[in-house]
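[1] Provided below for reference: sequence and predicted model.
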Amino acid sequence: MKVGFIQFEVLFGKKDSNLATIARLMEPESADLWVMPELFNVGYLFNSWDDLASLAEEIPNGETTRFLISLAKKFGTSIVAGIAEQHEGSFFNSAILVDANGFQGKYRKIHLFDEEKFWFTPGDLPFQIWDVGTARIGIMICFDWIFPEAARTLTLRGAEIICHPSNLVLPYCQNAMITRCLENRVFAITANRIGTEEQGERKLTFTGASQIVGTKGEVLYRATTDREEISVVEINPKLAGDKMATPNNHLFNDRRPEMYEQS
Ligand code: ACM
(Lines give C-alpha, C1' and ligand atoms only; values in the text may rest on other atoms or scores of the structure.)
Protein backbone atom coordinates (compact mmCIF):
# COMPACT_ATOMS: atom_id res chain seq x y z
CA MET A 1 0.00 0.00 0.00
CA LYS A 2 1.29 3.48 -0.88
CA VAL A 3 0.68 6.25 1.63
CA GLY A 4 1.69 9.88 1.37
CA PHE A 5 1.45 13.38 2.76
CA ILE A 6 1.54 16.85 1.33
CA GLN A 7 3.47 19.53 3.22
CA PHE A 8 3.04 23.09 1.98
CA GLU A 9 2.61 26.70 3.04
CA VAL A 10 -1.10 27.18 3.61
CA LEU A 11 -2.12 30.76 2.78
CA PHE A 12 -4.55 32.21 5.32
CA GLY A 13 -7.99 32.85 3.83
CA LYS A 14 -6.90 31.92 0.30
CA LYS A 15 -9.01 28.82 -0.13
CA ASP A 16 -8.89 28.67 -3.92
CA SER A 17 -5.12 28.87 -3.91
CA ASN A 18 -4.74 26.21 -1.18
CA LEU A 19 -7.04 23.80 -3.04
CA ALA A 20 -5.16 24.42 -6.29
CA THR A 21 -1.84 23.76 -4.53
CA ILE A 22 -2.77 20.28 -3.33
CA ALA A 23 -4.25 19.38 -6.73
CA ARG A 24 -0.96 20.43 -8.36
CA LEU A 25 1.17 18.55 -5.83
CA MET A 26 -0.88 15.33 -6.02
CA GLU A 27 -0.80 15.19 -9.81
CA PRO A 28 2.64 13.61 -10.44
CA GLU A 29 2.55 10.99 -7.63
CA SER A 30 0.12 8.18 -6.94
CA ALA A 31 -0.86 6.84 -3.53
CA ASP A 32 -3.68 4.78 -2.02
CA LEU A 33 -4.01 7.17 0.90
CA TRP A 34 -3.06 10.85 1.19
CA VAL A 35 -2.98 12.99 4.31
CA MET A 36 -3.16 16.81 4.19
CA PRO A 37 -2.38 19.25 7.04
CA GLU A 38 -4.86 20.51 9.66
CA LEU A 39 -7.06 23.40 8.38
CA PHE A 40 -5.25 22.98 5.06
CA ASN A 41 -7.79 24.95 3.06
CA VAL A 42 -8.14 28.11 5.17
CA GLY A 43 -5.12 28.62 7.46
CA TYR A 44 -4.84 28.79 11.21
CA LEU A 45 -4.71 32.18 12.94
CA PHE A 46 -8.28 33.43 12.99
CA ASN A 47 -8.80 37.05 13.91
CA SER A 48 -12.56 37.47 13.93
CA TRP A 49 -15.77 35.49 13.99
CA ASP A 50 -16.52 36.90 10.55
CA ASP A 51 -13.30 35.36 9.21
CA LEU A 52 -14.13 32.01 10.71
CA ALA A 53 -17.77 32.09 9.63
CA SER A 54 -16.86 33.03 6.08
CA LEU A 55 -14.15 30.35 5.79
CA ALA A 56 -15.62 27.38 7.72
CA GLU A 57 -17.79 25.01 5.72
CA GLU A 58 -20.52 22.53 6.27
CA ILE A 59 -19.47 18.91 5.96
CA PRO A 60 -20.12 17.20 3.57
CA ASN A 61 -21.92 19.91 1.58
CA GLY A 62 -19.10 22.47 1.55
CA GLU A 63 -16.85 23.40 -1.34
CA THR A 64 -13.71 21.75 0.09
CA THR A 65 -15.33 18.36 0.68
CA ARG A 66 -16.74 18.41 -2.85
CA PHE A 67 -13.35 19.40 -4.26
CA LEU A 68 -11.54 16.64 -2.37
CA ILE A 69 -14.08 14.07 -3.58
CA SER A 70 -13.40 15.17 -7.15
CA LEU A 71 -9.64 14.68 -6.57
CA ALA A 72 -10.22 11.28 -4.93
CA LYS A 73 -12.28 10.19 -7.96
CA LYS A 74 -9.74 11.56 -10.43
CA PHE A 75 -6.80 9.84 -8.76
CA GLY A 76 -8.63 6.75 -7.41
CA THR A 77 -7.43 7.38 -3.87
CA SER A 78 -8.50 8.09 -0.28
CA ILE A 79 -7.80 11.52 1.22
CA VAL A 80 -7.77 12.65 4.86
CA ALA A 81 -7.66 16.44 5.23
CA GLY A 82 -8.16 18.98 8.01
CA ILE A 83 -10.81 21.65 7.42
CA ALA A 84 -12.74 24.19 9.50
CA GLU A 85 -16.31 23.01 9.94
CA GLN A 86 -19.42 24.98 10.77
CA HIS A 87 -22.41 23.15 12.08
CA GLU A 88 -25.59 24.67 13.57
CA GLY A 89 -23.79 27.82 14.75
CA SER A 90 -20.71 26.02 16.16
CA PHE A 91 -17.25 25.68 14.66
CA PHE A 92 -15.14 22.54 14.80
CA ASN A 93 -11.52 21.89 13.84
CA SER A 94 -12.34 18.82 11.78
CA ALA A 95 -10.82 16.33 9.38
CA ILE A 96 -12.65 14.42 6.69
CA LEU A 97 -12.11 11.16 4.87
CA VAL A 98 -13.19 10.98 1.23
CA ASP A 99 -12.58 8.42 -1.50
CA ALA A 100 -13.66 7.71 -5.06
CA ASN A 101 -17.12 6.75 -3.74
CA GLY A 102 -17.56 10.10 -1.99
CA PHE A 103 -17.66 11.32 1.59
CA GLN A 104 -16.83 8.61 4.14
CA GLY A 105 -16.75 10.42 7.47
CA LYS A 106 -15.30 13.08 9.72
CA TYR A 107 -13.43 13.53 12.98
CA ARG A 108 -13.69 16.67 15.15
CA LYS A 109 -10.51 17.56 17.06
CA ILE A 110 -10.99 16.47 20.66
CA HIS A 111 -8.02 18.20 22.32
CA LEU A 112 -7.93 21.85 21.24
CA PHE A 113 -4.57 23.66 21.37
CA ASP A 114 -4.08 27.04 23.03
CA GLU A 115 -6.20 29.80 21.38
CA GLU A 116 -8.12 27.26 19.32
CA LYS A 117 -10.21 27.06 22.49
CA PHE A 118 -11.52 30.59 21.79
CA TRP A 119 -12.77 29.69 18.33
CA PHE A 120 -13.67 26.03 18.18
CA THR A 121 -15.98 23.69 20.08
CA PRO A 122 -14.16 20.57 21.36
CA GLY A 123 -14.83 17.48 19.28
CA ASP A 124 -17.95 15.56 20.25
CA LEU A 125 -17.56 12.47 18.06
CA PRO A 126 -15.87 9.26 19.25
CA PHE A 127 -12.52 8.17 17.80
CA GLN A 128 -13.53 6.15 14.77
CA ILE A 129 -12.00 3.57 12.41
CA TRP A 130 -12.64 3.37 8.67
CA ASP A 131 -11.73 0.56 6.28
CA VAL A 132 -10.23 2.13 3.15
CA GLY A 133 -9.89 -1.22 1.39
CA THR A 134 -6.16 -1.61 1.88
CA ALA A 135 -6.10 -0.75 5.61
CA ARG A 136 -8.11 0.26 8.64
CA ILE A 137 -7.40 3.89 9.45
CA GLY A 138 -8.12 6.27 12.30
CA ILE A 139 -7.82 10.05 12.48
CA MET A 140 -6.51 12.38 15.16
CA ILE A 141 -5.52 16.04 14.71
CA CYS A 142 -2.30 17.75 15.74
CA PHE A 143 -2.30 18.39 19.55
CA ASP A 144 -4.16 15.13 20.11
CA TRP A 145 -0.61 13.69 20.05
CA ILE A 146 0.13 14.91 23.58
CA PHE A 147 -2.68 12.78 24.99
CA PRO A 148 -1.46 9.17 24.56
CA GLU A 149 -5.06 8.07 25.04
CA ALA A 150 -5.89 9.32 21.53
CA ALA A 151 -3.46 7.05 19.65
CA ARG A 152 -4.13 4.23 22.14
CA THR A 153 -7.88 4.42 21.68
CA LEU A 154 -7.57 4.47 17.89
CA THR A 155 -5.28 1.45 17.96
CA LEU A 156 -7.41 -0.48 20.48
CA ARG A 157 -10.33 0.14 18.11
CA GLY A 158 -8.38 -1.44 15.25
CA ALA A 159 -6.44 1.33 13.47
CA GLU A 160 -3.50 0.09 11.44
CA ILE A 161 -2.63 3.61 10.29
CA ILE A 162 -3.18 6.84 12.21
CA CYS A 163 -3.75 9.78 9.87
CA HIS A 164 -2.61 12.92 11.67
CA PRO A 165 -3.32 16.26 9.96
CA SER A 166 -1.27 18.89 11.83
CA ASN A 167 -0.31 22.55 12.18
CA LEU A 168 2.55 22.00 14.63
CA VAL A 169 4.29 24.87 16.36
CA LEU A 170 5.93 23.13 19.35
CA PRO A 171 9.09 21.11 18.60
CA TYR A 172 8.12 17.84 20.33
CA CYS A 173 5.46 16.09 18.31
CA GLN A 174 7.50 14.47 15.55
CA ASN A 175 9.67 12.62 18.08
CA ALA A 176 6.72 11.85 20.34
CA MET A 177 4.90 10.20 17.43
CA ILE A 178 7.75 7.69 17.22
CA THR A 179 6.79 6.58 20.73
CA ARG A 180 3.06 6.63 19.91
CA CYS A 181 3.79 4.20 17.05
CA LEU A 182 6.14 2.03 19.07
CA GLU A 183 3.85 1.69 22.09
CA ASN A 184 0.85 0.83 19.88
CA ARG A 185 2.56 -0.94 16.95
CA VAL A 186 0.72 1.31 14.54
CA PHE A 187 1.73 3.37 11.49
CA ALA A 188 1.30 7.15 11.62
CA ILE A 189 1.27 9.77 8.89
CA THR A 190 1.76 13.27 10.31
CA ALA A 191 1.07 15.88 7.62
CA ASN A 192 2.33 19.21 8.91
CA ARG A 193 2.52 22.59 7.22
CA ILE A 194 5.26 25.16 6.80
CA GLY A 195 5.33 28.95 6.83
CA THR A 196 4.48 31.72 9.28
CA GLU A 197 1.15 33.39 10.01
CA GLU A 198 0.83 36.80 11.69
CA GLN A 199 -2.25 38.57 13.02
CA GLY A 200 -1.23 41.78 14.87
CA GLU A 201 0.87 40.72 17.86
CA ARG A 202 0.26 37.04 17.22
CA LYS A 203 2.79 35.17 15.13
CA LEU A 204 3.17 31.43 14.61
CA THR A 205 5.79 29.53 12.64
CA PHE A 206 4.87 26.00 11.65
CA THR A 207 7.54 23.35 11.98
CA GLY A 208 7.18 21.16 8.85
CA ALA A 209 9.05 17.85 9.27
CA SER A 210 5.96 15.90 8.23
CA GLN A 211 6.65 12.24 8.63
CA ILE A 212 5.60 8.65 8.13
CA VAL A 213 6.49 6.31 11.00
CA GLY A 214 6.37 2.50 11.05
CA THR A 215 5.08 0.13 13.70
CA LYS A 216 8.46 -0.25 15.40
CA GLY A 217 9.04 3.47 15.57
CA GLU A 218 11.10 3.63 12.37
CA VAL A 219 10.96 7.00 10.66
CA LEU A 220 10.23 5.88 7.10
CA TYR A 221 10.40 9.45 5.83
CA ARG A 222 10.72 12.85 7.47
CA ALA A 223 10.39 16.04 5.44
CA THR A 224 12.36 19.26 5.75
CA THR A 225 11.25 21.93 8.21
CA ASP A 226 10.70 24.66 5.63
CA ARG A 227 10.05 23.38 2.12
CA GLU A 228 7.00 22.32 0.16
CA GLU A 229 7.22 18.53 -0.12
CA ILE A 230 5.25 15.47 -0.94
CA SER A 231 6.31 12.01 0.08
CA VAL A 232 4.90 8.60 -0.76
CA VAL A 233 6.08 5.47 1.05
CA GLU A 234 5.15 1.82 0.48
CA ILE A 235 4.00 0.12 3.68
CA ASN A 236 2.41 -3.17 4.71
CA PRO A 237 -0.40 -2.12 7.07
CA LYS A 238 -0.88 -5.71 8.23
CA LEU A 239 2.36 -5.39 10.24
CA ALA A 240 0.21 -3.43 12.69
CA GLY A 241 -1.49 -6.71 13.57
CA ASP A 242 1.61 -7.92 15.40
CA LYS A 243 1.39 -6.57 18.94
CA MET A 244 4.15 -8.75 20.43
CA ALA A 245 6.88 -6.52 21.91
CA THR A 246 8.83 -9.63 22.97
CA PRO A 247 7.84 -13.31 22.59
CA ASN A 248 6.17 -12.91 26.00
CA ASN A 249 4.72 -9.40 25.84
CA HIS A 250 1.53 -8.49 24.01
CA LEU A 251 1.16 -4.71 24.05
CA PHE A 252 -2.56 -4.80 24.68
CA ASN A 253 -3.10 -8.07 26.57
CA ASP A 254 -0.36 -7.14 29.06
CA ARG A 255 -2.01 -3.89 30.01
CA ARG A 256 -3.12 -3.71 33.67
CA PRO A 257 -5.98 -1.20 33.61
CA GLU A 258 -6.96 -2.15 37.16
CA MET A 259 -3.59 -0.74 38.32
CA TYR A 260 -3.95 2.59 36.50
CA GLU A 261 -5.31 5.85 37.88
CA GLN A 262 -8.89 6.44 36.79
CA SER A 263 -10.25 9.88 35.98
C1 ACM B 1 -2.00 22.26 17.11
O2 ACM B 1 -2.72 21.43 17.66
N3 ACM B 1 -2.36 22.84 15.99
C4 ACM B 1 -0.68 22.57 17.67
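    Thanks, I have the structure now. Please read these numbers as outputs of a predicted model, since none were measured by experiment.
[2] residues from the chain in reach of the ligand?
    Residues of the chain lying near the ligand by C-beta under 6 Å from any ligand atom: 38, 113, 142-143, 167-169. The C-beta positions use only the backbone N, C-alpha and C, and glycine is treated the same way.
[3] try 8 Å this time
    Contact residues (C-beta under 8 Å from any ligand atom) of the chain with the ligand: 38, 44, 93, 109, 111-114, 116, 141-144, 166-170, 173.
[4] Only whichever of those are buried, select them in PyMOL.
    The following PyMOL line selects those of these that are buried, judged by 16 or more other C-beta atoms under 10 Å:
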select buried, resi 38+44+93+109+111+112+113+116+141+142+143+144+166+167+168+169+173
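[5] dump the residue contacts of the closest residue to R185 other than its chain neighbours.
    Leaving aside its chain neighbours, R185 sits nearest to T215 (4.5 Å; criterion: C-beta to C-beta, 6 or more residues apart in numbering). By C-beta atoms under 8 Å, 6 or more residues apart in numbering, the residues touching T215 are 181-182, 185-187, 239-240, 242.
[6] what's the answer for G241, then?
    Counted by C-beta under 8 Å, 6+ apart, G241 has contacts E160.
[7] Would you check how far apart it and V186 are?
    G241 sits 10 Å away from V186, going by C-beta to C-beta, to the nearest Å.
[8] so what sits against both of these two?
    With C-beta under 8 Å, 6+ apart as the test, G241 and V186 both reach E160.
[9] Against N18, how distant is M36?
    For M36, the distance to N18 - C-beta to C-beta - is 9 Å.
[10] More neighbours: which of the two?
    M36 (28 against 24; other C-beta atoms under 10 Å).
[11] doesn't T77 make contact with the more buried one?
    No. If you go by C-beta atoms under 8 Å, M36 and T77 don't touch, sitting 11.9 Å apart.
[12] In the stretch 51-200 of the chain, what residue spans correspond to helices?
    Ranges of helices in the stretch 51-200 of the chain, per DSSP state H, counting those that start in this stretch, are 63-75, 116-119, 148-156, 173-184.
[13] What is the longest one packed up against?
    Applying 3 or more C-beta pairs under 8 Å, 6 or more residues apart in numbering; DSSP states H and E, one finds that helix 63-75 makes contact with helix 15-26, strand 78-87, strand 90-99, strand 102-108.
[14] Can you add mean pLDDT and give these back as TSV?
    Output for these, formatted as TSV (pLDDT from 0 to 100):
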stretch	mean pLDDT
helix 15-26	98
strand 78-87	98
strand 90-99	98
strand 102-108	98
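[15] how about CSV for these, with distance to Y260 added?
    Shown next, in CSV, are the helices and strands packed on helix 63-75 (distance: least, C-beta to C-beta, whole Å):
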stretch, distance to Y260
helix 15-26, 41
strand 78-87, 30
strand 90-99, 29
strand 102-108, 25
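[16] shaky segments in the stretch 151-263 of the chain?
    In the predicted model, the stretch 151-263 of the chain carries pLDDT under 70 at residues 263.
[17] In it, which residue sits closest to the ligand?
    Scanning the stretch 151-263 of the chain for the residue nearest the ligand gives N167, at 4.1 Å (criterion: C-beta to the nearest ligand atom).
[18] Now do the same for the residue lying closest to that residue once chain neighbours are set aside: its pLDDT.
    Nearest residue to N167, sequence neighbours excluded (C-beta to C-beta, 6+ apart): E38, at 4.3 Å. Model confidence at E38, expressed as pLDDT, equals 98.
[19] coming back round to it: hmm, A191 and the residue of the stretch 151-263 of the chain closest to the ligand touching each other?
    No. Taking contacts as C-beta under 8 Å, N167 lies outside contact range of A191: 9.8 Å.
[20] any idea how far the residue nearest to G62 when sequence neighbours are not counted is from I162?
    In this structure, G62 finds its nearest non-sequential neighbour in I83, 7.5 Å apart by C-beta to C-beta, 6+ apart. Distance of I83 to I162, given as C-beta to C-beta: 18 Å.
[21] repeat for N101
    Taking C-beta to C-beta, one finds N101 at 22 Å from I162.
[22] out of those two, which sits in the more crowded spot?
    I162 (28 against 10).
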